[in-house]
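Novice: Provided below for reference: sequence and predicted model.
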Amino acid sequence: MNTDRLEVTPSGAQVWSQSTTLFQRWRTGDALALDELVRALSPVLWQVVRAYRLDHGQAEDAVQSTWLALVRNADAISEPAAVGSWLTTTARREAWRQARRARQADPLDDDVLERSTPAARSAEATALERDAGNVLWAGVSQLSERCQRLLRVIAFSDRPDYAALAADLGMPVGSIGPTRGRCLDKLKTLLQEPDKEVPRGQ
Amino acid sequence: MDNDIQFADLAEMWQSHDPAPPGLVERALVAIEMEDLDAEYELLHIVERGRTLVGTRGDQAETLTIVFSGNDCSLMMRISPLDGDCRRVDGWVSPPRPVRVSLKQQETAFDSTSDAKGRFEIARMPHGLARAVLSSLPAPDGTAHVEHTEQLFATPAFEV
């Protein structure tokens, strides 16, 4: 199956080039460019941090922390074109910290959650109308947590950093590419046979 | 449906099923605007947020409880509505100790000092976005801060 084409920058490539321009303008003295950068990228950062199963409050906290980190550490970004990946990497790190904090407070472990979700999800899935976006949503909802996170982070990152991703997901760097391919294959199967139960665990 | 799944379609699907909440951008902008770049502080993170209905009748008196926490400090606040567009804030600093508490809004700041049990109150402040900043009090004898004992904590922007 051809997953190579997915190597190209995912959706909204222009948001990343726009970010580079805005960051440059901000760093050369245009204070309003920072506002525009926050407006353009906050919705993208939201998607990145929500891949980590954070509730709304925690997700928002992670997005704010990411922007505060940018303001405090802007000098560390020497190459304006790197601002997009710096922000998504920082957002993932903040989300990861939040998720760890939440897990400490929450007696439910991952296994319990994993086992309790499929029924709820299929009930939800059958209730959905069958337009393309909902079919895709229903399919993605049946993927494992790990697959969902991996695909979502890649979909909203500028040149995803596989080394950092691997660390987050507890996987060897070399297995990110193949795992991504397997997640997409599984999704494809689910979309072709929406009612078939696919073994979980990937 | 064509055979290949595009990341663009996945991105669109997530954006429509789990969109960023209204106000996300504005709260981020306020947090940035109130950022004090000279201050070295530890950023506290939200751990809990909930609303409770108080009162018996449908007067929509809703109390917001919000808890922020960091490595060495946590801050709980209960925000209750007053008449007009004002709020009362009751707060607890943990571990309990006297500190200066400042709730900063864009135009003004509302200051209070916690007691030995960590409790503080701000009797009245306008509804809106704020950040909380906790700082050590000057030594009782009025001498200047001793650098390494001074601690500063700040929260992200939240709605009072």
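Specialist: Thanks, I have the structure now.
Novice: from the chain's centroid, how far away is the helix or strand bottoming out on mean pLDDT in chain B?
Specialist: Least confident helix or strand of chain B, by mean pLDDT, DSSP states H and E, is strand B:45-53 with a mean of 89. On the basis of CA atoms, centre = their mean, to the nearest Å, strand B:45-53 sits 11 Å off its chain's mean C-alpha point.
Novice: now stretch B:110-129
Specialist: Computed by CA atoms, centre = their mean, the chain-centroid distance of stretch B:110-129 equals 12 Å.
Novice: quick one: mean pLDDT over stretch B:74-83.
Specialist: For stretch B:74-83, mean pLDDT is 95.
Novice: now swap in stretch B:131-151 and tell me
Specialist: Mean predicted confidence for stretch B:131-151 is 71.
Novice: that older thread, for the least confident helix or strand of chain B, list every residue counted as buried.
Specialist: Under the neighbour-count criterion of 16 or more other CB atoms under 10 Å in any protein chain shown, strand B:45-53 has B:45-47, B:49 buried. C-betas here are computed from N, CA, C, even on glycine.
Novice: now, which of the residues you listed lie close to chain A?
Specialist: B:45-47, B:49 (CB under 8 Å from any CB of the partner chain).
Novice: against chain A, how distant is residue B:78?
Specialist: Using CB to the nearest CB, to the nearest Å, residue B:78 is found at 16 Å from chain A.
Novice: next, the contact list for that residue, please.
Specialist: B:63-65, B:89-91 (CB atoms under 8 Å, 6 or more residues apart in numbering or on different chains).
Novice: only whichever of these are buried, select them in PyMOL.
Specialist: If you want just the buried ones from those in PyMOL, going by 16+ other CB under 10 Å, the selection is:
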select buried, chain B and resi 63+64+89+90+91
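Novice: just the contacts of residue B:78: which are in strands?
Specialist: B:63-65, B:89-91 (DSSP state E).
Novice: list just the nearest of the residues you listed to residue B:81.
Specialist: Taking CB to CB as the measure, residue B:81 lies nearest residue B:63 of the ones in strands among the contacts of residue B:78, at 7.8 Å.
Novice: what bridges to that closest one?
Specialist: residue B:52 (DSSP bridges).
Novice: that one against residue B:82, yeah?
Specialist: No. In this structure, residue B:63 is not within contact of residue B:82 by CB atoms under 8 Å, at 11.6 Å.
Novice: residues shared between the contacts of the two?
Specialist: Shared contacts of residue B:63 and residue B:82 (CB under 8 Å, 6+ apart): none.
Novice: which element is residue 38 on?
Specialist: Looking at chain A here, since you left the chain open. Residue A:38 belongs to helix A:31-50 when elements are defined using DSSP states H and E.
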